[in-house]
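[1] need a 3D model of the sequence below.
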Amino acid sequence: MAKAGKKLIDARKNIDRNKLYDLDEAVKLVKSTKSAKFDETVEIAMNLGVDPRHADQVVRGVCTLPNGTGRTVRVGVFARDAKADEARAAGADVVGAEDLAEEIQKGNINFDRCIATPDMMPLVGRLGKVLGPRGMMPNPKVGTVTPNVGEAVKSAKGGAVEFRVEKAGIIHAGIGKASFDDTALVENIKAFTDAVMKAKPTGAKGTYLKRMAVSSTMGPGVKVEPGTVIGGA
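    All right, here's what the predicted structure looks like:
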């Protein structure tokens, strides 16, 4: 632990914590200050001018990253008959109905994303206490309750990232791996930011995107000038 701490301290020396960096420069710094031996995830944090305690200020959506997330996403699908076959053909890892619900109730959740056909929601709704806290509850607003399960599975496997604002008005997401080249990370960050901007709720007043920063899993945060991401915040 001491060694990792020293690496993090050394990495921070290269970053001016009061400076807002251009996106391109911020990505280079994140890649140069990573300290772990594994392929770290590159993460984005955005402070939004919203209060999600109000229904008209909730920010939620999904973004398909142009260069994927770099991680293997396991997908579970609630579907029957032909739709179940469609999900399997698209690459779903777990497909079922009552049998799948029973496994989830036991705590056996062998997937990262959950998709359901609309007719399965009465069954899936009973699993809210299990799936909800994990952020896995299917929702039509982010395309995880849909009759087009094949497309939804492919989207989830191909780099779709769900986002939802937290209590303090912050959104966190992984948008790639440190092994990605700079261009791929910049494209992913711009695509994700664009999706969050388009999800601006009707109740948001004043400056919507207040601050943003990027970091690697074990690395220090690098503040980003929002205007270099969206062409003017």
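
[2] can you pull out the strands in the protein?
    Counting by DSSP state E, residue ranges of the strands within the chain are 41-48, 60-64, 75-78, 94-96, 113-116, 160-164, 170-177, 209-216, 222-224.

[3] all helices of this protein, in order?
    According to DSSP state H, the chain carries its helices in the segments 2-13, 23-33, 81-90, 98-105, 121-124, 128-131, 149-158, 182-198, 227-230.

[4] with only the CA atoms kept, save the longest one in PDB.
    Meaning helix 182-198. Listed in PDB are the C-alpha atoms of helix 182-198, where the atom choice follows Å, rounded to 0.1, in the frame of the first residue of the first chain:
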ATOM      1  CA  ASP A 182      -5.700   9.400 -26.800                       C
ATOM      2  CA  THR A 183      -8.000   9.900 -29.700                       C
ATOM      3  CA  ALA A 184     -10.300   7.100 -28.600                       C
ATOM      4  CA  LEU A 185     -10.600   8.400 -25.100                       C
ATOM      5  CA  VAL A 186     -11.200  12.000 -26.300                       C
ATOM      6  CA  GLU A 187     -14.000  10.700 -28.600                       C
ATOM      7  CA  ASN A 188     -15.600   8.700 -25.800                       C
ATOM      8  CA  ILE A 189     -15.500  11.600 -23.400                       C
ATOM      9  CA  LYS A 190     -17.000  14.000 -25.900                       C
ATOM     10  CA  ALA A 191     -19.800  11.500 -26.800                       C
ATOM     11  CA  PHE A 192     -20.600  10.900 -23.100                       C
ATOM     12  CA  THR A 193     -20.600  14.600 -22.300                       C
ATOM     13  CA  ASP A 194     -22.900  15.300 -25.300                       C
ATOM     14  CA  ALA A 195     -25.300  12.600 -24.000                       C
ATOM     15  CA  VAL A 196     -25.400  14.200 -20.600                       C
ATOM     16  CA  MET A 197     -25.900  17.700 -22.100                       C
ATOM     17  CA  LYS A 198     -28.800  16.400 -24.200                       C
END
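
[5] identify the residues contacting Lys157.
    Each residue near Lys157 by C-beta atoms under 8 Å, 6 or more residues apart in numbering is listed here: Val73, Val75, Ala90, Gly91. Every C-beta, even on glycine, is put in place using the N, C-alpha and C of the backbone.

[6] what's the pLDDT at the closest residue to Val62 other than its chain neighbours?
    Nearest residue to Val62 in three dimensions, chain neighbours excluded: Val142, at 4.2 Å (C-beta to C-beta, 6 or more residues apart in numbering). Predicted confidence (pLDDT) at Val142: the value is 87.

[7] buried only: go through the contacts of Lys157 for me.
    Buried by 16 or more other C-beta atoms under 10 Å: Val73, Val75, Ala90, out of these.

[8] quick one: the first one from Val161, how far?
    As defined by C-beta to C-beta, to the nearest Å, Val73 lies at a distance of 10 Å from Val161.

[9] circling back to that earlier point, for the buried ones among the contacts of Lys157, give me a markdown table that also has distance to Gly132 and pLDDT.
    Compiled in a markdown table, those are given as follows (distance: C-beta to C-beta, whole Å; pLDDT from 0 to 100):
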| residue | distance to Gly132 | pLDDT |
| --- | --- | --- |
| Val73 | 19 | 89 |
| Val75 | 18 | 96 |
| Ala90 | 25 | 96 |
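
[10] out of the residues you listed, flag the one nearest to Ala204.
    Minimum separation from Ala204 among the buried ones among the contacts of Lys157 (C-beta to C-beta) is found for Val73, which lies at 29.9 Å.
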